[in-house]
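A.B. asks: Got a predicted model here, sequence first, then my questions.
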Amino acid sequence: MSWYTIRLELARTKEFPDGNPRCGYLLRVPLKEDGVLDEAEWRKHKHAAVVKRFWEDEDDEHGELIHTRHRTWAFSYAPGEDDDEPVFHLETHALLRGEYVSIKEHDGETLPFKVADVRAEPLPV
């Protein structure tokens, strides 16, 4: 089984010196044994690679993991590039508990997120 549900929580920032577990993402993606995104598996089942953005005091957003024409990975919530949130170095970062990843938010600010949880999940039909 190579599909996982991953919880990313806002890590330490100026506004949140202790981070904030009520701000983050839940994503379902395929990973290799080393925790790095499995692009070949993603290409076979793109529809299954989904994301939910949760942020305290805001409505949840639901989208998908995409590979952009700029050859970067991003979360997308609607057609077009206006709402895309690039995930830096997703092709090489291991999404293992305790690791960090940077995401460029809608407003252009890049924020750090900690991998809070990784759970194996069967590929949805």
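C.D. replies: Everything's here; your move.
A.B. asks: Now do the strand or helix carrying Glu9: which elements does it pack against?
C.D. replies: Counting by DSSP states H and E, the element that carries Glu9 is strand 3-10. The contact analysis (3 or more C-beta pairs under 8 Å, 6 or more residues apart in numbering; DSSP states H and E) places strand 3-10 against strand 20-30, strand 110-120. The C-beta positions use only the backbone N, C-alpha and C, and glycine is treated the same way.
A.B. asks: next one: the last one to chain centre, how far?
C.D. replies: By that I understand strand 110-120. 8 Å (C-alpha atoms, centre = their mean, to the nearest Å).
A.B. asks: Quickly run through the sheet partners of the strand holding Glu9, with directions.
C.D. replies: strand 20-30 (antiparallel), strand 110-120 (antiparallel) (DSSP bridges).
A.B. asks: Below-threshold pLDDT in the protein: ranges please.
C.D. replies: Within the chain, the stretches with pLDDT under 70 are 1, 124-125.
A.B. asks: Do a quick rundown of the strands in it.
C.D. replies: Using DSSP state E, the strands found in the chain span residues 3-10, 20-30, 50-55, 61-67, 73-76, 85-87, 100-104, 110-120.
A.B. asks: For the third one, buried residues please.
C.D. replies: Read it as strand 50-55. For strand 50-55, the buried set under the neighbour-count rule, 16 or more other C-beta atoms under 10 Å, comprises Val50, Val51, Lys52, Arg53, Phe54.
A.B. asks: hang on, the earlier thing: now mean neighbour count and distance to Arg12 too, for the strands paired with strand 3-10, in CSV please.
C.D. replies: Below are the strands paired with strand 3-10 laid out as CSV (neighbours: other C-beta atoms under 10 Å; distance: least, C-beta to C-beta, whole Å):
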stretch, mean neighbour count, distance to Arg12
strand 20-30, 19, 9
strand 110-120, 15, 7
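A.B. asks: Great, nothing more from me.
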